[in-house]
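Visitor: Using only what follows, build the 3D model:
(2 chains)
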Amino acid sequence: SAVISQKPSRDICQRGTSLTIQCQVDSQVTMMFWYRQQPGQSLTLIATANQGSEATYESGFVIDKFPISRPNLTFSTLTVSNMSPEDSSIYLCSVEERDGSQHFGDGTRLSIL
Amino acid sequence: KQEVTQIPAALSVPEGENLVLNCSFTDSAIYNLQWFRQDPGKGLTSLLLIQSSQREQTSGRLNASLDKSSGRSTLYIAASQPGDSATYLCAAPGTGRRALTFGSGTRLQVQP
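Guide: Take a look at the predicted model:
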């Protein structure tokens, strides 16, 4: 399966700042997704990262707060903007393999003070 | 909209027991269903993928079944070991979607 690298693995940020998370895949993939896992919760989809066009956001998530870039078929970024303590979560990217399975990066553990 | 439910929420068993984790989903028009494992503070590891045309899939001591008509999947773990202790997540896409909807997970603890 594809090897997915996420950076940073963790960060502690001040409220009001922004952080950009990178997701790099070692092969070209069509579908990339960004999920959030709040403390003690399961995963919730933030958006589908579309190559060459704007991301498709789920209800409750907006582009101004979570801008996403997908410049090519191996790379995507998620920015968490104007952070507040409620944004403290694990953020994970995933890719869809040819057999339809999804595989995840190790996640970015974000804490906001 | 797809909804995925997992029971039980938590399970503690002695080493060596066989166990079954349950998953139900509301939208049966799925093209696959996937089981994951998550260790504390870690990302997700894919365990098994079942295509909609399959009834079950096996990997080592793990066996997953899928019954689309009833909206259910089970993950069977044979001869459980302390190293199996983790949270197990079931996930399925909704109609016309590729992104996954996750259940809340079953937190498994296997006592030595």
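Visitor: Flag every residue of chain B that's near chain A.
Guide: Proximity of chain B to chain A, by C-beta under 8 Å from any C-beta of the partner chain, involves residues B:31-32, B:34, B:36, B:41-44, B:46, B:49, B:51, B:89, B:91, B:98-105. For the C-beta atoms, the positions are set from N, CA and C on the backbone; glycine is no exception.
Visitor: Could you pick out the buried ones from the residues you listed?
Guide: Among the residues of chain B next to chain A, those classed as buried by 16 or more other C-beta atoms under 10 Å in any protein chain shown are B:32, B:34, B:36, B:43-44, B:46, B:49, B:89, B:91, B:99-105.
Visitor: Just these: which are in strands?
Guide: B:32, B:34, B:36, B:44, B:46, B:49, B:89, B:91, B:100-102 (DSSP state E).
Visitor: coming back round to it: let me know the closest of the buried ones among the residues of chain B next to chain A to A:Ala55.
Guide: Closest approach between those and A:Ala55, by C-beta to C-beta: B:Ala99, at 11.6 Å.
Visitor: so what pLDDT did the closest one get?
Guide: At B:Ala99, the pLDDT value in this model is 91.
Visitor: What sits closest to B:Tyr88 if chain neighbours are left out?
Guide: Spatial nearest neighbour of B:Tyr88, excluding adjacent residues (C-beta to C-beta, 6 or more residues apart in numbering or on different chains): B:Thr106 at 4.9 Å.
Visitor: Might you enumerate the residues of chain A proximal to chain B?
Guide: A:1, A:31, A:33, A:41-45, A:48, A:92, A:94, A:96, A:99-107, A:109.
Visitor: Which ones among those map onto strands?
Guide: Filtering the residues of chain A next to chain B for membership in strands, criterion DSSP E, returns A:33, A:43-45, A:48, A:92, A:94, A:96, A:102-104, A:109.
Visitor: Would you agree B:Arg107 is in contact with B:Thr87?
Guide: Yes: B:Arg107 lies in contact with B:Thr87 (C-beta atoms under 8 Å); the separation is 4.9 Å.
Visitor: which one of these two has more residues nearby?
Guide: Taking other C-beta atoms under 10 Å in any protein chain shown, B:Arg107 and B:Thr87 do not tie; B:Thr87 has more neighbours (20 against 16).
Visitor: and that one, that one's in a strand?
Guide: Yes: note on B:Thr87: a strand contains this position according to DSSP: H, G, I helix; E, B strand; the rest coil.
Visitor: Please report how far the residue at minimal distance from the centre of chain A lies from B:Tyr88.
Guide: By C-alpha atoms, centre = their mean, chain A has its centre lying nearest to A:Trp34, at 3.6 Å. A:Trp34 sits 23 Å away from B:Tyr88, going by C-beta to C-beta, to the nearest Å.
Visitor: what do you get for A:Asp87?
Guide: 27 Å.
Visitor: Over to B:Val20?
Guide: Taking C-beta to C-beta, one finds B:Val20 at 11 Å from B:Tyr88.
Visitor: shared neighbours, the two?
Guide: Residues touching both B:Val20 and B:Tyr88 by C-beta atoms under 8 Å, 6 or more residues apart in numbering or on different chains: B:Leu75.
Visitor: Of these two, give the one with the bigger neighbour count.
Guide: A count of neighbours by other C-beta under 10 Å puts B:Tyr88 above the other of B:Val20 and B:Tyr88, at 22 against 12.
Visitor: Any idea what that one is bridged to?
Guide: B:Arg37, B:Thr106 (DSSP bridges).
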